[in-house]
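Dropping the sequence and predicted coords here.
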There are 2 protein chains.
Amino acid sequence: MDDARRPGMADGSEAVAALVSDAPPRYRTATEFVEATLRRGILSGRLPGGTPLRQEELARLFNVSRMPVREALRQLEAQALIDFVPHKGAVVTDISAEDAADNYAIRRALEPVAFTLSIPHLDAQDFARAEELIVELDSEQEPGRMGELNRRFHMSLYARAGRPRLLALTEQQLAAADRYVRFHLAAKGQEHMAQDDHRAMLAAARERNVERAVAVLLGHLDTAAATIDAFFREWAG
Amino acid sequence: MDDARRPGMADGSEAVAALVSDAPPRYRTATEFVEATLRRGILSGRLPGGTPLRQEELARLFNVSRMPVREALRQLEAQALIDFVPHKGAVVTDISAEDAADNYAIRRALEPVAFTLSIPHLDAQDFARAEELIVELDSEQEPGRMGELNRRFHMSLYARAGRPRLLALTEQQLAAADRYVRFHLAAKGQEHMAQDDHRAMLAAARERNVERAVAVLLGHLDTAAATIDAFFREWAG
DNA sequence: TATTGCTAAATTGGATCCAATCGACAAGTA
DNA sequence: TACTTGTCGATTGGATCCAATTTAGCAATA
C-alpha cells in the first residue's frame, strides 16, 4: 500500500493509486455503512431528536441483518448522538438550548488551542485550501452541505496542530454543531454564515498573528452561540 | 422517574429514590458488563497498550457469546481506548509521550472552563466531599485506587458547572489520564500526587476566588504533564 | 374511579452457525 | 535468489434463531 507512494517507481503503480483514490468510497463492512449513514442523517437533521430507531426496521431499510445495525447503534451511543436504553431501544438524542450552549462551551475551549498550535505550521497549500472552502461556502445554497463546508474550513486551519486526539475531538464537536447550524441558517437566512469572520480568521493566520486569530475565532463562536440561543428561546420556548 | 424530584410530594418517593441510587450497581446486560470490565482493565493498566483482544477468548473468559463482546469493543473503539481494524481484530491503544501531551492539552482546555462555571455554585456538601477525597488520597497506597480518587476529586470540584456534556467529556479525559498517572506515580514515588495543589484548589474554591483556583489548576496540570513527559523521554525513549 | 394483576404482542438481548477476509507459508517462475 | 501466486488455518463479519424484557391493553378488585 505505502509502496504506491514511494517515489521513483516506473511501473504504473502511481496511476493505479490515483485510480483507487478517485474510486467511490466503498464501505469495508456493513457496520461502517450503517453507522456513517445514520450519523449523516442525525447531524444533517433528517433524523431529528426523538426519532426512535427500530433495529428491525433499519435492518430492512439497509438490507442487512440486525447485528451490524446494533453495532452501529453502539458506536453512535458512545458519540452521544443517540440514547440507548436496555430492552427499550435507541432514540435520537434531543437537542436543546442547553445542549447547544454545552457544545459551544466545549468548542470555545478546544478550538483556540488547536488554532494556536496550528498557525505557526500552516503552509501555502493549507491557506489555499481554506480559501477554496470560503469560496465554496459563498456559492453553496444547500444547508446540509454548508455545515460540512464550515466544518472543513475550521479543520483546515487547525490541521497542523500536531495533536491528533485534540483534533479528533474538535472535529467531533464541530460535527455535533452541524445539528445547531441548521437552526442558525434558518434564523439568519441562508446567505451569511459569518463569512467575514472566516476571512478575518484566514487573514490573521496568514500573518501568523495568533492573538488576533484567536480573538476573531472567539468572537465568531460567541456570536454563533448567541444567535442559536436566541433562536431556541424564541421558537422552542 | 422525574416525579421523584417533583417538590411537594409526601409519599416517601424521595426516600425510595435514595435507596435505589444507593443500591449496588448491577449490570443490566452482558454488553455493559464486558465493556465496563474491559475499560477498567485498560485504564488501570492491567491491559497495556498493544494487547490483542481476541473475541473468542474474551467470550470464553466472560462466559458469554461473542456478540456482547463485539458490541463492547465497538463502544471502546468510539472512546479511543482500542483500535479496531476490520477483519484483523482489536488491540488496546498504545500510549506514548505524544498521546499524554494530547491528553493534557485537552484537559488544560476543558477543566478551567468547568471549574470556572462550577465554583459559584459549589455548596458546603461539595466542599466536604472534596475534603474527604483529599484525606482518602493521603492514606491510599494502591495506584489503581489513587487514579480513581484523583478523578473523583477533580470532578467533585466541577460538578456544579451545569454543563452535562462538558462534564462528561471532562470525566472521560480524566479517566484516560489514569493510564498516564500510573507512570507519574512510578516516577515520583507513591506518596505525593501533588496534594498541595489539591488543597490549594479546594481553598481557592471555598473563597470563590476563580482566578486563583484556575491558576492553581493550570499549574497542577502543567507540572503533571511535564513529569510524565520527562518519564516517557527517559524510559521509553 | 383508581389501582392492581394478568396476558399477549412487540422489541431487544444473546447464542449459534455459516461466509468472508487476512496472514503465513509453500510452491512455482523468472 | 528474489518475486509472485496459491492454499490453508485462524479470526472476524454477518445471518438466523431463540430467550428475556418491556409495554399496552384489559379485566378484576377494593
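Cool, the structure landed.

helix/strand/coil for residue A:170?
At residue A:170 the chain is in helix, as set by DSSP: H, G, I helix; E, B strand; the rest coil.

my guess is it meets residue A:114, correct?
Yes - assessed by CB atoms under 8 Å, residue A:170 is found in contact with residue A:114 at 5.3 Å. (Each C-beta comes from the backbone N, C-alpha and C, glycine too.)

so what's in contact with the two at the same time?
Residues touching both residue A:170 and residue A:114 (CB atoms under 8 Å, 6 or more residues apart in numbering or on different chains) are residue A:158.

How many residues are close by residue A:59?
A count of neighbours around residue A:59, defined by other CB atoms under 10 Å in any protein chain shown, yields 18.

again with residue A:196
For residue A:196, the count of nearby residues is 10 (other CB under 10 Å).

Now do it against residue B:150, distance only.
Relative to residue B:150, residue A:196 is positioned 45 Å away (CB to CB, to the nearest Å).

Same check on residue A:176?
In this view, residue A:176 and residue B:150 are 28 Å apart by CB to CB.

in chain A, which residue is closest to the centre?
Nearest to the geometric centre of chain A sits residue A:175, at 3.0 Å (CA atoms, centre = their mean).

which parts of the helix or strand hosting that one are buried?
If you go by DSSP states H and E, residue A:175 is part of helix A:164-188. Neighbour-count burial for helix A:164-188 flags A:165-167, A:169-185 (criterion: 16 or more other CB atoms under 10 Å in any protein chain shown).

Pull out the buried positions in stretch A:132-140.
Quick answer for stretch A:132-140 (16+ other CB under 10 Å): A:133, A:134, A:137, A:140.

Would you mind confirming that residue A:162 is in contact with residue A:121?
Yes - between residue A:162 and residue A:121 there is a contact under CB under 8 Å: 7.0 Å.

Quick check: chain neighbours aside, which residue is closest to residue A:64?
residue A:30 (4.6 Å; CB to CB, 6 or more residues apart in numbering or on different chains).

what number of residues lie near the one you found?
By other CB under 10 Å, the residues close to residue A:30 number 18.

contacting residues around it?
A:62, A:64, A:68.

Can you tell me which of the residues you listed has the most neighbours?
Within the contacts of residue A:30, neighbour counts (other CB under 10 Å) peak at residue A:68, which reaches 19 neighbours.

and that one, what helix or strand is that in?
Counting by DSSP H and E, the element that carries residue A:68 is helix A:66-78.

Run through the residues that contact the residue of chain A found nearest chain B.
Nearest residue of chain A to chain B, counting by CB to the nearest CB: residue A:78, 3.3 Å away. Residues near residue A:78 by CB under 8 Å, 6+ apart: B:74, B:75, B:78, B:79.

Between which two of the residues you listed is the distance greatest?
Greatest spacing in the contacts of residue A:78, by CB to CB: B:74 and B:79 (10.0 Å).

The two: who's more crowded?
Comparing residue B:74 with residue B:79 by other CB under 10 Å, the one with more neighbours is residue B:74, at 25 against 16.

Quick check: closest non-adjacent residue to that one.
In space, residue B:74 is closest to residue A:74, 4.4 Å off (CB to CB, 6+ apart).

go on, residue A:79?
The shortest distance from residue A:79 to any non-neighbouring residue, by CB to CB, 6+ apart, is to residue B:78 (5.9 Å).

Okay, the one you found and residue B:226: tell me how far apart.
Using CB to CB, we find residue B:78 at a distance of 30 Å from residue B:226.

cool, residue A:58 as well?
Between residue A:58 and residue B:226 the computed distance is 49 Å (CB to CB).

who has more neighbours, those two?
residue A:58 (20 against 11).

Assess the claim that that one and residue A:33 are in contact.
No - if you go by CB under 8 Å, residue A:58 and residue A:33 don't touch, sitting 11.4 Å apart.

got a list of what residue A:47 touches?
Counting by CB under 8 Å, 6+ apart, residue A:47 makes contact with A:38, A:41, A:53, A:92.

Out of those, who's the most crowded?
With neighbours defined as other CB under 10 Å, the most crowded of these is residue A:38; it has 23 neighbours.

any chance you could read off phi and psi for it?
phi -60, psi -40 (degrees, to the nearest 10).

just checking, it touches residue A:70?
No - using CB under 8 Å, residue A:38 is not in contact with residue A:70; the gap is 11.9 Å.

May I have whichever strand or helix holds residue A:32 as CSV, with CA atoms only?
Using DSSP H and E, residue A:32 sits in helix A:30-44. Provided in CSV are the C-alpha atoms of helix A:30-44 (Å, rounded to 0.1, in the frame of the first residue of the first chain):
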residue,chain,number,x,y,z
ALA,A,30,-21.9,-3.3,6.7
THR,A,31,-21.5,-1.8,10.2
GLU,A,32,-19.4,1.1,8.8
PHE,A,33,-22.1,1.7,6.2
VAL,A,34,-24.9,1.8,8.6
GLU,A,35,-23.1,3.9,11.2
ALA,A,36,-21.9,6.5,8.6
THR,A,37,-25.3,6.8,7.0
LEU,A,38,-27.2,7.1,10.3
ARG,A,39,-24.7,9.7,11.6
ARG,A,40,-25.1,11.8,8.4
GLY,A,41,-28.8,11.6,8.9
ILE,A,42,-28.7,12.7,12.5
LEU,A,43,-26.2,15.5,12.0
SER,A,44,-28.0,16.8,8.9
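
Name the next helix or strand following it along the chain.
Next along the chain after helix A:30-44, taking DSSP H and E as the criterion, comes strand A:52-53.
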